[in-house]
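**Q** how would this look folded up:
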Amino acid sequence: MTKETIRTEIQHYLSQYQSSQQVTTRWKTPLVGFASAADPLFLKFKKVVAPTHLLPGDLLPDARTIIAFFMPFQESIVASNLPGRLASPEWAKAYVDTNELIQNLGQHLRRFLENYGHAAYATPATHNFDPKILLSDWSHRHIAFAAGLGRFGLNNMLITEKGCCGRIGSLITTLALKPDTRTDGEACLFKHNGSCRKCLSRCVSGALSSTEFKRHACYDILLENEQKHKAFGTTDVCGKCLVGLPCSNADPVKRMKESRGNN
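**A** I've put the predicted structure just below:
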């Protein structure tokens, strides 16, 4: 079993999944990364992210590898969320559809790996957080960072080579695979050279600043959106600070460096 086999299986599953007429959301080709379950970064997450954050071995004994995957939204979904104070119906529906996709893909991968003799645990797509302190016991964003899929932006989202507009899932397995390398450079223009900061002006709740993140202010707008879009299901989502940015659909620092290299 190789990393490429798993990447191909995830891409094939997504292709089959979104060909179903029952799913209206469309995604671009997913990104897949791999981290070692023994990476000391996971211990750091307990100190920096949340003391409640679990270690891979807490969820799966003899864990060896964590597989993280990013499902990028198509540009039409991203563009739909630009106007207005509350999330667009397309963005809200994409949130629900992608959570369901991640859940189904996780179970598919678990069975796929078990067929080859490797145990696996599919972590929940979302809503594994304490509603009082608003901290989760398993942060997919931080897991994807550990797996080399991207770097954090000023908006606290992970910026991948395909941007930050999409959703992340992860799976733990006893299969031992070589971890992917994390880049040392930044993907956020503000962190790279102090420029941009467009995500701050895009935030509609006042939760974001260059020095702090007000979790409860952010959560309030998520709950407001959930009321507006409750016909779709659980839609505690916003996404205004992800759209209309240089990092919405790409890594802007990488793009800038490539542009300079070609001149």
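**Q** For this structure, which residue occupies the most central location?
**A** In the chain, the C-alpha nearest the mean C-alpha coordinate belongs to residue 168, at 2.9 Å (C-alpha atoms, centre = their mean).
**Q** what comes up buried for stretch 200-210?
**A** Across stretch 200-210, burial judged by 16 or more other C-beta atoms under 10 Å covers 200, 202-205, 207-208. C-betas here are computed from N, CA, C, even on glycine.
**Q** just stretch 157-165 next, same as before
**A** Here stretch 157-165 shows 157-160, 162-165 as buried, counting by 16+ other C-beta under 10 Å.
**Q** Of the buried residues of stretch 200-210, which belong to helices?
**A** Residues of the buried residues of stretch 200-210 located in helices (DSSP state H): 200, 202.
**Q** Could you dump the buried residues of stretch 200-210 into CSV and include pLDDT?
**A** Shown next, in CSV, are those (pLDDT from 0 to 100):
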residue, pLDDT
200, 96
202, 97
203, 96
204, 95
205, 93
207, 93
208, 92
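**Q** Columns distance to residue 51 on top of the buried residues of stretch 200-210, output as a markdown table?
**A** Rendered in a markdown table, the data for the buried residues of stretch 200-210 read as follows (distance: C-beta to C-beta, whole Å):
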| residue | distance to residue 51 |
| --- | --- |
| 200 | 28 |
| 202 | 31 |
| 203 | 27 |
| 204 | 30 |
| 205 | 26 |
| 207 | 22 |
| 208 | 24 |
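**Q** related to what we said a few turns ago, tell me which of the buried residues of stretch 157-165 is nearest to residue 143?
**A** residue 158 (9.7 Å; C-beta to C-beta).
**Q** pretty sure that closest one is touching residue 146, no?
**A** No - counting by C-beta atoms under 8 Å, residue 158 stays clear of residue 146, with 10.7 Å between them.
**Q** so where do the strands sit in the stretch 1-150 of the chain?
**A** 31-36, 65-72, 120-122, 129-130, 135-136 (DSSP state E, counting those that start in this stretch).
**Q** strands paired with the longest one, and their directions?
**A** What it means is strand 65-72. Using DSSP bridges, the strands paired with strand 65-72 are strand 31-36 (antiparallel), strand 166-173 (antiparallel).
**Q** Could you find the closest non-adjacent residue to the residue nearest to the centre of the chain?
**A** Leaving aside its chain neighbours, residue 168 sits nearest to residue 140 (4.0 Å; criterion: C-beta to C-beta, 6 or more residues apart in numbering).
**Q** I figured that neighbour was touching residue 170, is that so?
**A** Yes - counting by C-beta under 8 Å, residue 140 does reach residue 170; the two are 5.3 Å apart.
**Q** Please enumerate the shared neighbours of those two.
**A** Jointly contacting residue 140 and residue 170 under the rule C-beta atoms under 8 Å, 6 or more residues apart in numbering are 68, 123.
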